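>>> Let's see this in three dimensions:
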Amino acid sequence: MPEPAGLSPAAPFPDPAAVAGFVAARERVRRGIARACERSGRDPATVTLVAVGKTVDPARLRAAVAAGLTVIGENRVQEAQQKVPAVPGARWHLVGPLQANKARRAVAIFDVIESVDSVALAARLDRIAGELRPGRPLPILLQVNVDADPAKAGFAPDDLADAMPVLLRLANLELGGLMTVGRAVAGAEEARSTFRALRVLSERLRGLAPGRADPGERPAGLARGLGPALSMGMSGDYPVAVEEGATLVRVGRAIFGEWAGAVAEGPQAVPAPGGAEAAPAPGPGRSVVTERA
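So this is what the prediction gives:
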């Protein structure tokens, strides 16, 4: 078991049994990632596990961080605002929709905003980031509605291609890559086409725009290029997402339990592959929700 990390003296020490449970849950998911990487010829170290903690109370999140789950995804700005001071040692990703009137709070709270779904929102974040963190571009991902699902937010793939020249000039943002929310499917394999389409789109957009690796070749006036990050896959289908190139997987249910860690990214209709991957970590305080990561 790893040594508990990132805890301030003021934070209550996490329950050892809860930490042990989260260590086991983390290892189950990491094994699933490693097997998917082996099948696709990838290094497991290139995949970041984002533990989605919506509805999970700070005490359980502190135990998760102590167990090595140090990247926490939250769906709502208001909920994260209450948790961040109580859970030291974590990096926080906003993985749910962001309303324009909460953009300033989001920039102040989150290390990464994964759900930037319009040019207008990106421009607003760029302005606020310039005010709140001058000289430190805010890492974001661009959310893409790959499946043209009317219930999902995000850029249409063709619209994003047209928007890239504008987005690349937002100097206070770092365009880390793309994110998508998959549609509900009856089996994990059915999600493969969505994940593959996001990877192909990423490759196409990075081919059109200069990347960070070649700053000397950037046209004058452009900020950093689009990065290679691909945030896709949740508890029910993350191995398929990894096989298709995911660099971040957003997992809630397989870590925090059947009814915790939910996000508004769409329901997953299948259990996590391999059975054991979906075993919930022990702990109190599960809340009933209708959508699960």
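>>> so where do the strands sit in the stretch 151-293 of the chain?
Per DSSP state E, counting those that start in this stretch, the stretch 151-293 of the chain carries strands over the ranges 173-180, 229-231, 248-251.
>>> tell me how far the first one is from the chain's mean position?
Averaged C-alpha coordinates place strand 173-180 at 10 Å from its chain's average position (CA atoms, centre = their mean, to the nearest Å).
>>> what comes into contact with it?
By CB atoms under 8 Å, 6 or more residues apart in numbering, the list of residues contacting strand 173-180 from outside reads 95, 112, 114-115, 122, 125-126, 129, 137-146, 154, 167-168, 194-195, 198, 201-202, 205, 223-232, 247-248. In this view, the C-beta of every residue, glycine as well, is placed from N, C-alpha and C.
>>> Which of the strands of the stretch 151-293 of the chain has the highest mean neighbour count?
strand 248-251 (a mean of 28; mean count of other CB atoms under 10 Å).
>>> export that one as CSV, just CAs?
C-alpha atoms of strand 248-251 as CSV (Å, rounded to 0.1, in the frame of the first residue of the first chain):
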residue,chain,number,x,y,z
LEU,A,248,-7.3,10.0,-19.8
VAL,A,249,-10.1,7.8,-18.6
ARG,A,250,-12.8,9.1,-16.3
VAL,A,251,-13.8,6.4,-13.9
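>>> tell me what that strand is packed against?
Contact here means 3 or more CB pairs under 8 Å, 6 or more residues apart in numbering; DSSP states H and E; on that basis strand 248-251 packs against strand 48-52, strand 229-231, helix 238-243.
>>> contacting residues around that strand?
By CB under 8 Å, 6+ apart, strand 248-251 touches 29, 33, 47-52, 73, 93, 95, 114, 179, 229-235, 238, 241-242, 261, 263, 265, 293.
>>> Tell me where the model's unsure across the stretch 151-293 of the chain.
209-224, 258-293 (pLDDT under 70).
>>> go with 90
151, 182-188, 207-225, 257-293 (pLDDT under 90).
>>> quick one, helices of it?
157-167, 192-208, 238-243, 253-256 (DSSP state H, counting those that start in this stretch).
>>> for these, which one ends up most surrounded?
Taking mean count of other CB under 10 Å, helix 253-256 is the most buried of the helices of the stretch 151-293 of the chain, at a mean of 30.
>>> For that one, C-alpha coordinates in PDB please.
What follows is helix 253-256 as a C-alpha-only set of coordinates in PDB (Å, rounded to 0.1, in the frame of the first residue of the first chain):
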ATOM      1  CA  ARG A 253     -18.400   3.700 -10.500                       C
ATOM      2  CA  ALA A 254     -15.500   1.200 -10.700                       C
ATOM      3  CA  ILE A 255     -13.700   3.100  -7.900                       C
ATOM      4  CA  PHE A 256     -16.300   4.600  -5.600                       C
END
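>>> shift numbering so it begins at 33
Shifting the count to begin at 33 puts that one at helix 285-288.
>>> Quick one: list the elements packing against it.
Helix 285-288 packs on helix 48-72, strand 80-84, helix 90-98, going by 3+ CB pairs under 8 Å, 6+ apart.
>>> The last one versus helix 48-72: what angle between them?
Comparing the axes of helix 90-98 and helix 48-72 via axes from the mean of the first three to the mean of the last three CA atoms, to 10 degrees yields an angle of 50 degrees.
>>> next SSE after helix 90-98?
strand 103-106 (DSSP states H and E).
>>> who does that following strand pair up with?
strand 80-84 (parallel), strand 123-126 (parallel) (DSSP bridges).
>>> Make a markdown table out of the strands of the stretch 183-325 of the chain and add distance to Ala220.
Below are the strands of the stretch 183-325 of the chain laid out as a markdown table (distance: least, CB to CB, whole Å):
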| stretch | distance to Ala220 |
| --- | --- |
| strand 205-212 | 15 |
| strand 261-263 | 17 |
| strand 280-283 | 12 |
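>>> Go through those and name the closest to Leu192.
strand 205-212 (8.2 Å; CB to CB).
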